[in-house]
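Visitor: requesting a structural model of the entry that follows:
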Amino acid sequence: MQTLTDLVASIRPLDKQKMAQAADYIESLAKPAKSLGRLEVMATQLAGMRGLSHLDNLQKEIIVMCADHGVFDEGVAVTPKEVTYIQALNMQKGLTGVCVLAKNSQTSVLPVDIGIDCEPIADMVSLKLARGCGNIARGPAMSRQDAEQLLLASAQLVKKRAEEGVSIFGVGELGIANTTPASAMISVFSDCDPHDVVGIGANLPLERLQHKESIVRKAVHINRPDGNDAVDVLAKVGGYDLVGMTGVILGAGACGLPVVLDGFLSYAAAIAACQIAPEVKNYCIPSHFSAEKGAQRALEHLNLKPYLYLDLRLGEGSGAAIAMSILSAACAMYCHMGLQANSGFSLPGSPT
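Guide: Reported below is the predicted structural model:
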């Protein structure tokens, strides 16, 4: 994967023949037709992914991109900036929300320093180009060259982890003030006013919400990102963590493997990834409906329906961690459920 063009070209369509065979097989299982609903749809989707030779005992991992944002200086968050660094350390110790939820679903968590405003963290994977991106209210988050470099580096990390045995990826993020650039991206991509997408993030007081909207509006006005050029949008009004998640999504698709989206931040990254490589949408599994204000508009833009409605807005990949159990359930159904032909009965609508 030497260039972004090479990366995009490596993302291939799902195997329709394997999907048809999987759908027929699911119909022959010992159950009424379609009775396991979206689990059947998910299993069929997974069966069409060329990177999965089987669906049993798949290794799962959530890659959490951690970075700070210059726009924090505009007063768009109440959580101290240092919490990005502190929680990255806690993530290494397995103490954060995504870690405990991932453990519950037998999923590993890989935190990545892709731009935390700190010195190098011992034993943490680092793709860092700088200690925090630029302040989007005053200029671009980064150069286009840096955005492309991080997209490719993040995709390469996925490839490496896939070679080491990971078959199901999830995306997460950690970065104080990062709902501001995510809102800017979704506003640009969906061609709507920031008022329609800007939410409270990590408990921003309602009386400060209008200010946050104005910062997003200012960022879009100053940088003038091209909504038809996802890399331009990422570079101008995104952030290192958002670029990293976009790269993970593209990397998973290039490996022919599923990637479980998390919440609001991951929606922004997924929109960017799907614009760069439309075929990658087939590898995306939407986990949950974020409680952040712009979730509905972002998911409508993606035309994806989440599996969970839990009013989550923690981020970190926490929703993806819970949804990993749903993927495991779909795979268990496909791999271990008995056949009608061996169960002593047949049901109307089932293959004969």
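
Visitor: at the geometric centre of the chain, which residue do we find?
Guide: residue 261 (3.3 Å; C-alpha atoms, centre = their mean).

Visitor: list the contacts for it?
Guide: By C-beta atoms under 8 Å, 6 or more residues apart in numbering, the contact set of residue 261 is 170-171, 249, 267, 270, 284-287, 304, 320. No exception for glycine: its C-beta is placed from N, CA and C like everyone else's.

Visitor: quick one, strands of the stretch 201-350 of the chain?
Guide: Ranges of strands in the stretch 201-350 of the chain, per DSSP state E, counting those that start in this stretch, are 259-261, 284-286.

Visitor: coming back round to it: in helices, which of the contacts of residue 261 appear?
Guide: 249, 267, 270, 320 (DSSP state H).

Visitor: look up how far residue 13 lies from the nearest residue to the last one once chain neighbours are set aside.
Guide: With C-beta to C-beta, 6 or more residues apart in numbering as the measure, residue 170 is the residue that lies nearest to residue 320, at 3.6 Å, once sequence neighbours are left out. Distance, residue 170 to residue 13, using C-beta to C-beta, to the nearest Å: 23 Å.

Visitor: residue 253 touches residue 278, doesn't it?
Guide: No: using C-beta atoms under 8 Å, residue 253 is not in contact with residue 278, being 10.3 Å away.

Visitor: so these two - more neighbours on which side?
Guide: residue 253 (30 against 11; other C-beta atoms under 10 Å).

Visitor: which residues does that one contact?
Guide: Contacts of residue 253 (C-beta under 8 Å, 6+ apart): 11, 259, 273, 277, 279-280, 282-283.

Visitor: returning to that earlier point: more neighbours, residue 170 and residue 13?
Guide: More crowded of residue 170 and residue 13, by other C-beta under 10 Å: residue 170, with 34 against 9.

Visitor: measure that one to residue 63 for me?
Guide: Counting by C-beta to C-beta - residue 170 and residue 63 are separated by 7 Å.

Visitor: what touches both of these two?
Guide: Taking C-beta under 8 Å, 6+ apart as the criterion, residue 170 and residue 63 both touch residue 317.

Visitor: re earlier: so what's the residue nearest to residue 320 up against?
Guide: Shown in contact with residue 170 (C-beta under 8 Å, 6+ apart): 60-63, 107, 259-262, 287, 317, 320-321, 323-324.

Visitor: from those, which is closest to residue 130?
Guide: Of all the contacts of residue 170, the one with the least separation from residue 130 (C-beta to C-beta) is residue 63, at 19.8 Å.

Visitor: could you say which helix or strand holds that closest one?
Guide: In this structure, residue 63 sits in strand 59-67 according to DSSP states H and E.

Visitor: how far away is residue 41 from residue 333?
Guide: 11 Å.

Visitor: more neighbours: which of those two?
Guide: The neighbour count for residue 41 versus residue 333, taken as other C-beta under 10 Å, is higher for residue 333 (18 against 14).

Visitor: contacting residues around that one?
Guide: For residue 333, the contacting residues are 26, 29, 36, 39-40, 43, by C-beta under 8 Å, 6+ apart.

Visitor: hmm, 6 Å instead?
Guide: 36, 39 (C-beta atoms under 6 Å, 6 or more residues apart in numbering).

Visitor: mind checking pLDDT for it?
Guide: Looking at residue 333, its pLDDT reads 97.

Visitor: that one and residue 299: what is the separation?
Guide: Distance of residue 333 to residue 299, computed by C-beta to C-beta: 25 Å.

Visitor: shaky segments in the stretch 1-150 of the chain?
Guide: Counting by pLDDT under 70, the stretch 1-150 of the chain contains low-confidence residues at 1.

Visitor: out of the contacts of residue 170, who's the most crowded?
Guide: Most neighbours among the contacts of residue 170, by other C-beta under 10 Å: residue 317, with 39 neighbours.

Visitor: how many neighbours does the closest residue to residue 146 other than its chain neighbours have?
Guide: In space, and not counting its chain neighbours, residue 146 is closest to residue 129: 5.6 Å by C-beta to C-beta, 6+ apart. Using other C-beta under 10 Å, residue 129 has 19 neighbouring residues.

Visitor: also residue 337?
Guide: Residue 337: 14 surrounding residues under other C-beta under 10 Å.

Visitor: please apply the same query to residue 192.
Guide: Neighbourhood size, residue 192 [other C-beta under 10 Å]: 14.

Visitor: cool, and residue 77?
Guide: 23.

Visitor: residue contacts, it?
Guide: For residue 77, the contact set (C-beta under 6 Å, 6+ apart) comprises 176-177.

Visitor: hmm, 8 Å instead?
Guide: 176-177, 180, 201-202, 204.

Visitor: what does residue 266 give?
Guide: Listed by C-beta under 8 Å, 6+ apart, the contact set of residue 266 reads 171-173, 245, 320.

Visitor: quick check: it vs residue 119, distance?
Guide: 28 Å.

Visitor: also residue 295?
Guide: For residue 295, the distance to residue 119 equals 35 Å [C-beta to C-beta].

Visitor: repeat that for residue 218.
Guide: 31 Å.

Visitor: look at the two and report which has more neighbours.
Guide: When residue 218 and residue 119 are compared for neighbours, residue 218 comes out ahead with 17 against 8, by other C-beta under 10 Å.

Visitor: surely that one and residue 180 touch.
Guide: No: the pair formed by residue 218 and residue 180 falls short of the contact definition of C-beta under 8 Å, at 10.6 Å.
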